[in-house]
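>>> from the sequence below, what's the structure:
(chains A, B, C and D)
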There are 2 protein chains.
Amino acid sequence: MDAAAKLFASKGYKETTMRDISSEIGMLPGSVYYHFKSKQKILLAVYKQAVDGLKIKVENSISTQSDPWLRLEIATITHLKAIIDQNDYAQVMTEVLPDKAPDIHRELTAMRDSYESIFSEIISKLPLKADVDKGLLRLMLIGALNSTKVWFQTGNFQPEEIGREYVRYLKDSIKE
Amino acid sequence: MDAAAKLFASKGYKETTMRDISSEIGMLPGSVYYHFKSKQKILLAVYKQAVDGLKIKVENSISTQSDPWLRLEIATITHLKAIIDQNDYAQVMTEVLPDKAPDIHRELTAMRDSYESIFSEIISKLPLKADVDKGLLRLMLIGALNSTKVWFQTGNFQPEEIGREYVRYLKDSIKE
DNA sequence: GTCTATAAGAAGATAGAC
DNA sequence: GTCTATCTTCTTATAGAC
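All right, here's what the predicted structure looks like:
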């Protein structure tokens, strides 16, 4: 699973072959099928571990904070760190969109939704202007976050800066 | 090219086969190679038309506006309409990331950059707080915009609403 | 639990007839 | 400019030996 996560994260699901995965762990392709019935089952397992792990990370990071804006900022930074630094599992969540594996599209989408509900929860506690749509705000923020992997390279910005700035660029406009 | 754009936009580059493309236009796979030397050349041609077309669309849409914030809002909405409504070419730009075709990665990235420079230009004219990073702001906005295709479905929001709200969620926080 | 061997199909691409 | 036919390679997956 670690090998698959690493490859899915860096090359993508379709671009990763069973040969890639097996050779990464010094096995032959056929041997992998003793552990997983198919390539899709590997993706499902990796995705589940990605979602579960990131959920716990984000929840832990905000657990000691009560200020709603600070909770948003910290959750944002924790999410960014996970998908930018070398957490292969978290990167799979952003690299592999559910529609890349049509047969398990529903399962993958359900997992993503369950993760994003953390952000729904945090945003629901923000003192926002009445006409700010909380759903749209979440989609905007998570969309911006997940797209960082496309352009990010160490040196320019740190995940902490990006998260802090993104929340800052929003806060005064939307707060009550 | 229209057939390829349609397929690349909906299924992705790797997921689209030469057989898909040829059958879409009632041809046999071999025949397509008379027009394009390889699948990558098709992607390059589609990408170029996508970038050129969207550039013109966005530039036209803002050409009669002088207010910098309105220009940003209109460019945002034009971009959203293109990648959400059925403009296959524009959708290829957001669906197919350059790293999906490593051999032509540089060319694709250069084209994307040339398109995004429109937004750099618009943002550079905004009266912003001195400590707002214009590059980061552009990346945040474009990231949020391009991710809409993942969740968008007609009925919920219109492209106009999304664009207007996204700019509104930013404006008061970042303006001078 | 891993290997050998291989099936069965799909992929990008080409040669030459029409 | 398109078709027929095919090459070559790669892909997921399986059967059975060890």
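
>>> show residues contacting stretch A:52-60.
Contact partners of stretch A:52-60, identified using CB atoms under 8 Å, 6 or more residues apart in numbering or on different chains, comprise A:75, A:78-79, A:82, A:87, A:89-90, A:93, A:114-115, A:118. Bear in mind the C-beta positions are built from the backbone N, C-alpha and C, glycine included.

>>> derive a PyMOL selection command for the buried subset of those.
Buried members of these, defined by 16 or more other CB atoms under 10 Å in any protein chain shown, are picked up in PyMOL with:
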select buried, chain A and resi 75+78+79+82+87+89+90+93+115+118
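
>>> among the contacts of stretch A:52-60, which are in reach of DNA strand C?
When CB under 7 Å from any atom of the strand is applied, no member of the contacts of stretch A:52-60 is adjacent to DNA strand C.

>>> quick one: which of the contacts of stretch A:52-60 is nearest to B:Thr64?
The nearest member of the contacts of stretch A:52-60 to B:Thr64, counting by CB to CB, is A:His79 at 39.8 Å.

>>> C-terminal to the helix or strand of chain A with the lowest mean pLDDT, what's the next element?
Ranked by mean pLDDT, DSSP states H and E, the helix or strand of chain A with the weakest confidence is helix A:148-151, at a mean of 95. Using DSSP states H and E, the helix or strand that directly follows helix A:148-151 along the chain is helix A:159-174.

>>> follow-up on the earlier one: just the ones in helices from the contacts of stretch A:52-60, please.
Counting by DSSP state H, the contacts of stretch A:52-60 place A:75, A:78-79, A:82, A:89-90, A:93, A:114-115, A:118 in helices.

>>> is the least confident helix or strand of chain A anywhere near chain B?
Yes. Using CB under 8 Å from any CB of the partner chain, helix A:148-151 reaches chain B at A:148, A:150-151.

>>> pLDDT (mean, whole number) over stretch A:103-117?
Mean per-residue pLDDT for stretch A:103-117: 98.

>>> could you give the average pLDDT over the biggest helix by length in chain A?
In chain A, with assignment by DSSP H, the single longest helix is helix A:39-62. Mean pLDDT, helix A:39-62: 98.

>>> give me the neighbour count for the closest residue to A:Val150 other than its chain neighbours.
Nearest non-adjacent residue to A:Val150, counting by CB to CB, 6 or more residues apart in numbering or on different chains: B:Leu97, 6.4 Å away. Neighbourhood size, B:Leu97 [other CB atoms under 10 Å in any protein chain shown]: 20.

>>> what of the one 4 residues further on?
For B:Ala101, the tally of surrounding residues (other CB under 10 Å) stands at 18.

>>> need the contact list for it.
Neighbouring residues of B:Ala101 by CB under 8 Å, 6+ apart: B:13, B:40, B:43, B:108.

>>> write out the residues of chain A neighbouring DNA strand C.
A:26-31, A:34-35.
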